[in-house]
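**Student:** Sharing a model that was predicted from the sequence below.
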2 protein chains.
Amino acid sequence: MTSAGNVRPGGRTARVREAVRGATLAELAEKGYEGLTVEGVALRAGVHKTTVYRRWGSVEGLAADALDLAGGEPWPVPDTGTIEGDLRELARLVLTGFADPETGPVSTAFITASARNPVVAGALCAFFAARHEQSAVIVTRAVERGELPGGIDAADLVRTAVAPLYYRLFVSGEPVDEAVADRAAAAALAAARAGVFRPPQSP
Amino acid sequence: MTSAGNVRPGGRTARVREAVRGATLAELAEKGYEGLTVEGVALRAGVHKTTVYRRWGSVEGLAADALDLAGGEPWPVPDTGTIEGDLRELARLVLTGFADPETGPVSTAFITASARNPVVAGALCAFFAARHEQSAVIVTRAVERGELPGGIDAADLVRTAVAPLYYRLFVSGEPVDEAVADRAAAAALAAARAGVFRPPQSP
């Protein structure tokens, strides 16, 4: 259930939603969040703009729904055979995702829009929660292989492996490259091995 | 040397600059970057708006100059006696800075504006470079005390200690608290001890 209401998969509602969502992403890639309009999305989706207004309400609703669907999509969680390789791959996915001329501008638009828009911020928070949850399997497999002790906060390990990249991209404005990604992954792994991501022991 | 030109300390130029900079920060705190105008800053600073236009050119110039001066200001770099305490204090400074009703909105305004404005982005990048450089003394002292091996990339250790906080604040939109700050600091320290922030060995 989202702001777009009930959706029967395969029905006309689902088809319209898919078209509108695709149009939203394409418009965001081309024009950024500032350039996103209900009219532009309706035109590109081949849907009447009153339909878009009725179901999504506004550009906020469009962006939130696109994020909602994106969060539910399968995502290529790394499976290299080692926790070291998986974390490095995960950090490099952030790098390549933002460097990609299609996905990069859309992700950037969501993040910059969320700073000024509570509806987008809520949807983005849910999107990252889904990503953190999907990535947790990396840690489960590492524990099964005996590479890491159990009881690790997987989401926090994942956050730590990617945070230095986002910090450079969206805060300090410093350049990112594979060396930055690899070092972020290595730092997160060292912290995991040192027991940093285990819950605090009760006294 | 900045976009505001030569400044003789103590002279009229310096006084005007100080007044304009203070007014810029106050306007940013109250209204955010979207609400920043040359007219508003001039009125608050008690300076004619043509003076502001002539010296700073635009709101971009005002924001960049305020950041330039802020980056040069002395900053309470922690000195607790241990690297563990210093890194924890550093991460908690990020937490309290953004929670502060005066400095929080200004810092947030700079970061969100930098995403859409190359002039502000350049000034913010220089600001963070100055902060990273100022914080490096934490690592120098830790090496002198024998807590860390030499040859550590101090800026990267500092980035790693604060990045998870910025990631939650400006990307995933998750809550931050002292436990988050302490864990980020602990992760960075574990990585430093594991040798992650030393330059790669030549083959």
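**Tutor:** Structure's in. What do you need? Numbering: from 1, shown residues only, chains lettered A, B, ... in the order given.
**Student:** what's the lowest-mean-pLDDT helix or strand in chain A in contact with?
**Tutor:** Least confident helix or strand of chain A, by mean pLDDT, DSSP states H and E, is helix A:59-72 with a mean of 88. Helix A:59-72 has contacts (CB atoms under 8 Å, 6 or more residues apart in numbering or on different chains) with A:2-4, A:17, A:20-21, A:24-25, A:28, A:33, A:36-38, A:41, A:52, A:55-56, A:110, A:113, A:117, A:119-120, A:122-124, A:126-127, A:129-131. Quick note: C-beta positions are derived from backbone N, CA and C, even for glycine.
**Student:** Which ones among those also lie next to chain B?
**Tutor:** If you filter the contacts of helix A:59-72 for contact with chain B, counting by CB under 8 Å from any CB of the partner chain, you are left with A:122, A:124, A:129.
**Student:** And residue A:159, how far from residue B:51?
**Tutor:** Separation of residue A:159 from residue B:51 (CB to CB, to the nearest Å): 47 Å.
**Student:** Those two: which is more packed in?
**Tutor:** For residue A:159 versus residue B:51, neighbours defined as other CB atoms under 10 Å in any protein chain shown are more numerous around residue A:159 (27 against 14).
**Student:** In contact with that one, which residues are there?
**Tutor:** Contacts for residue A:159 (CB under 8 Å, 6+ apart) come out as A:132, B:164, B:167, B:168, B:172.
**Student:** residues from chain A in reach of chain B?
**Tutor:** So chain A meets chain B at A:34, A:108, A:111-112, A:114-116, A:121-122, A:124-125, A:128-129, A:132, A:156, A:159-160, A:162-164, A:166-168, A:170-174, A:183-184, A:186-188, A:190-191, A:193-194, A:196-197 (CB under 8 Å from any CB).
**Student:** Any of those buried? List them.
**Tutor:** The neighbour-count criterion (16 or more other CB atoms under 10 Å in any protein chain shown) marks A:108, A:111-112, A:114-115, A:121, A:124-125, A:128, A:132, A:156, A:159-160, A:162-164, A:166-168, A:170-174, A:183-184, A:186-188, A:190-191, A:193-194, A:196-197 among the residues of chain A next to chain B as buried.
**Student:** re the thing from before, of the ones next to chain B among the contacts of helix A:59-72, closest to chain B?
**Tutor:** The nearest member of the ones next to chain B among the contacts of helix A:59-72 to chain B, counting by CB to the nearest CB, is residue A:124 at 5.8 Å.
**Student:** Spatially, which residue comes closest to that closest one, not counting chain neighbours?
**Tutor:** Spatial nearest neighbour of residue A:124, excluding adjacent residues (CB to CB, 6 or more residues apart in numbering or on different chains): residue A:114 at 4.5 Å.
**Student:** correct me, but that neighbour touches residue A:121?
**Tutor:** Yes: the pair residue A:114 and residue A:121 qualifies as a contact (CB atoms under 8 Å) at a distance of 4.1 Å.
**Student:** overlap in contacts of the two?
**Tutor:** Residues touching both residue A:114 and residue A:121 (CB under 8 Å, 6+ apart) are residue B:173.
**Student:** Can you list the low-confidence ranges for chain A?
**Tutor:** Along chain A, segments meeting pLDDT under 70 span A:1-10, A:200-203.
**Student:** Would you map the helices across it?
**Tutor:** Here chain A has its helices, by DSSP state H, at A:12-31, A:38-45, A:49-56, A:59-72, A:83-99, A:103-114, A:118-144, A:154-167, A:178-193.
**Student:** Ranking those by mean neighbour count, which comes first?
**Tutor:** The highest average neighbour count among those, using mean count of other CB atoms under 10 Å in any protein chain shown, belongs to helix A:154-167 at a mean of 26.
**Student:** the inter-axis angle of that helix versus helix A:103-114?
**Tutor:** Helix A:154-167 and helix A:103-114 are oriented at 100 degrees to each other (axes from the mean of the first three to the mean of the last three CA atoms, to 10 degrees).
**Student:** now could you export just the CA positions of helix A:154-167 as PDB?
**Tutor:** The C-alpha coordinates for helix A:154-167 follow below in PDB (Å, rounded to 0.1, in the frame of the first residue of the first chain):
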ATOM      1  CA  ALA A 154      24.600  -6.100   9.900                       C
ATOM      2  CA  ALA A 155      22.900  -2.800   9.000                       C
ATOM      3  CA  ASP A 156      25.500  -0.800  10.900                       C
ATOM      4  CA  LEU A 157      28.400  -2.700   9.200                       C
ATOM      5  CA  VAL A 158      26.800  -1.900   5.800                       C
ATOM      6  CA  ARG A 159      26.300   1.800   6.700                       C
ATOM      7  CA  THR A 160      30.000   2.000   7.800                       C
ATOM      8  CA  ALA A 161      31.200   0.400   4.500                       C
ATOM      9  CA  VAL A 162      29.400   3.000   2.400                       C
ATOM     10  CA  ALA A 163      29.200   6.100   4.600                       C
ATOM     11  CA  PRO A 164      32.700   7.500   3.600                       C
ATOM     12  CA  LEU A 165      31.600   7.500   0.000                       C
ATOM     13  CA  TYR A 166      28.300   9.400   0.700                       C
ATOM     14  CA  TYR A 167      30.200  11.800   3.000                       C
END
